[in-house]
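> My questions concern the predicted model and sequence given below.
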Amino acid sequence: MTALPRKTPLYDAHVRSGARMVDFSGWFMPVQYDGIIAEHHRTRTDVTMFDTCHMGRFWITGPMAREGLDRLLTTDVNAMQNGQCKYGFLLREDGGILDDLITYRVHAERWLLVVNAGTQDRDRDWIRDRLPPGVRFEDASVRMGKIDVQGPHALPRVASVLGVDASRLGYFRFMEFDCGGEAIVSRTGYTGEKGVELYVAAARIPEVWERFEKAGVKPAGLGARDTLRLEAGLPLYGHELSEAITPVEAAMDRFSAKTRPYVGSEAVKRRRGQGAAMLLAGFRIEGRQAARAGQAVMAGGRRAGTVTSGSFSPTLQAVIGFAFVEPSLALPGTRVQVDTGRNLLDAVVVKLPFYKAG
């Protein structure tokens, strides 16, 4: 018998709101409430909130925690300060990307890792089995909830609802605050807008969600989250990132460039020296017919790449997407075509991000 998707602490709130629910990485998640485009524009112009309780949250603690993470992650944890978070990768020995994640440093002996929902079970085993003796690993994904509040008006709304002034935080910085127990607010997000990610005890998440609703903050679902992250030029694991590619092919080698050894570093170094057969690039198509994942990128009448993500951009009023293409085609301004199976769409490779908030 196939297991039913899991429910986040906000499942009942989504159902009451009339959200359309889908199975996303083994979780019941809202894909939309009052429409993807409306939720997208609201995030770009005002403020929305997202249920992100499905993501994994791991605490790593102990005197050897920093050394253990330095060996496991591409992230340069030795260069991090207290209250700082950084993006990076968890790699296999052959350099393939197991996951992309964010590392939070509370202090030298206490760290938080935030990982993707679809990979969290594998990540948990991989990390826990490779930490040095004496380092404590805790999977806090159940006891700790997560809400993202995003948009140009997010920070004042968070201040009014929770009494937390996140405006004094720099980008990719965080602080702890009191919310009836352990809680963290970080100046991060997956939309390209100003905003925060809130980590609160799971038992209190429905109350916090309701307080934001009463303050006029409407929710947004996975549909808007995907179009927002695409406009911001952010990759999605399982589309732009996978075990089959290294950070070099993903054009994200800057996140794996630390000089100290880590799992997969020798393989990444070899791939860097050899050069990638394909590189990830962004493209733009004028019009509304979207390119879709798996469609062929054509150049000179032959297949020269594959689309990984594509969508109509509500902000730019054009089609945008990611594709792996031959390195000679990855330069901005290069003209290519996308084969939809019915016709060829003229596309141009563009510099990322597609959209940058003012």
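Sure thing, it's come through.
> check which helix or strand covers residue 113.
Using DSSP states H and E, residue 113 maps to strand 110-115.
> Give me the contacts around that strand.
With contacts defined as CB atoms under 8 Å, 6 or more residues apart in numbering, strand 110-115 is touched by 55-61, 65-66, 69, 77, 90, 99, 101-106, 123, 127, 146, 184, 199. The C-beta positions use only the backbone N, C-alpha and C, and glycine is treated the same way.
> Spell out the residue ranges of the helices in the protein.
Counting by DSSP state H, the chain has helices at residues 11-16, 36-45, 65-72, 120-130, 154-162, 205-214, 222-231, 265-274.
> Pick the most deeply packed of those helices.
With neighbours taken as mean count of other CB atoms under 10 Å, the helices of the chain reach their highest mean count in helix 222-231, at a mean of 23.
> between that one and helix 36-45, how many degrees?
50 degrees (axes from the mean of the first three to the mean of the last three CA atoms, to 10 degrees).
> can you give me the offset of helix 222-231 from its chain's centre?
10 Å (CA atoms, centre = their mean, to the nearest Å).
> Quick check: which ranges of the protein have low pLDDT?
The chain contains residues with pLDDT under 70 at 1-2.
> what's the domain layout of it?
Annotated domains of the chain cover 6-55+142-231, 56-139, 277-350 [automatic domain parsing].
> can you list those in a markdown table and add distance to residue 263?
What follows is the domains of the chain, written out as a markdown table (distance: least, CB to CB, whole Å):
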| stretch | distance to residue 263 |
| --- | --- |
| domain 6-55+142-231 | 22 |
| domain 56-139 | 6 |
| domain 277-350 | 22 |
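> center of the protein, which residue is that?
Residue closest to the mean C-alpha point of the chain, counted by CA atoms, centre = their mean, is residue 190 at 5.4 Å.
> Quick check: closest non-adjacent residue to it.
residue 229 (5.0 Å; CB to CB, 6 or more residues apart in numbering).
> Surely that neighbour touches residue 192?
Yes: Residue 229 lies in contact with residue 192 (CB atoms under 8 Å); the separation is 7.3 Å.
> what sits against the closest residue to residue 12 other than its chain neighbours?
Of all residues not flanking residue 12 in the chain, residue 206 sits nearest, at 7.4 Å (CB to CB, 6+ apart). If you count contacts by CB under 8 Å, 6+ apart, residue 206 has them with 9-10, 12-13.
> If we use 10 Å, what do you get?
Going by CB atoms under 10 Å, 6 or more residues apart in numbering, residue 206 touches 8-13, 145.
> and those as TSV, adding distance to residue 296?
Listed next are the contacts of residue 206 as TSV, based on distance: CB to CB, whole Å:
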residue	distance to residue 296
8	37
9	42
10	39
11	39
12	44
13	42
145	41
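> Tell me which two of those sit farthest apart.
The largest separation in the contacts of residue 206, counting by CB to CB, is between 12 and 145 at 13.5 Å.
> Let me see the contact set for residue 288.
So residue 288 contacts 312-313, 317-319 (CB under 10 Å, 6+ apart).
> Which among these count as buried?
With burial judged by 16 or more other CB atoms under 10 Å, the buried subset of the contacts of residue 288 is 312-313, 319.
> Output those in JSON lines; the columns should cover distance to residue 138.
JSON lines is the format used below for the buried ones among the contacts of residue 288 (distance: CB to CB, whole Å):
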{"residue": "312", "distance to residue 138": "42"}
{"residue": "313", "distance to residue 138": "40"}
{"residue": "319", "distance to residue 138": "43"}
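> beta partners for residue 284?
For residue 284, the beta-bridge partners are residue 320, residue 348 (DSSP bridges).
> I'd say it and residue 323 touch.
No: look at residue 284 against residue 323 with CB atoms under 10 Å: they stay out of range, at 11.3 Å.
> and for those two, which residues touch both?
By CB under 10 Å, 6+ apart, residue 284 and residue 323 have these common neighbours: 347, 349.
> The two: which has the busier surroundings?
Using other CB atoms under 10 Å, the more surrounded residue of residue 284 and residue 323 is residue 323, with 29 against 15.
> My understanding was that the more buried one contacts residue 309; is that so?
Yes: under the criterion of CB under 10 Å, residue 323 makes contact with residue 309 at 8.5 Å.
> residues shared between the contacts of those two?
Counting by CB under 10 Å, 6+ apart, the common neighbours of residue 323 and residue 309 are 240, 282, 291, 293.
> which of those lies closest to residue 344?
residue 291 (10.7 Å).
> give the contact list for that closest one.
Here residue 291 is in contact with 283, 285, 297, 307-312, 319-323, 337-340, 345, 347 (CB under 10 Å, 6+ apart).
> Counting only strands, which of those make the cut?
The strands, defined by DSSP state E, take in 283, 285, 297, 307-312, 319-323, 337-339, 345, 347 from the contacts of residue 291.
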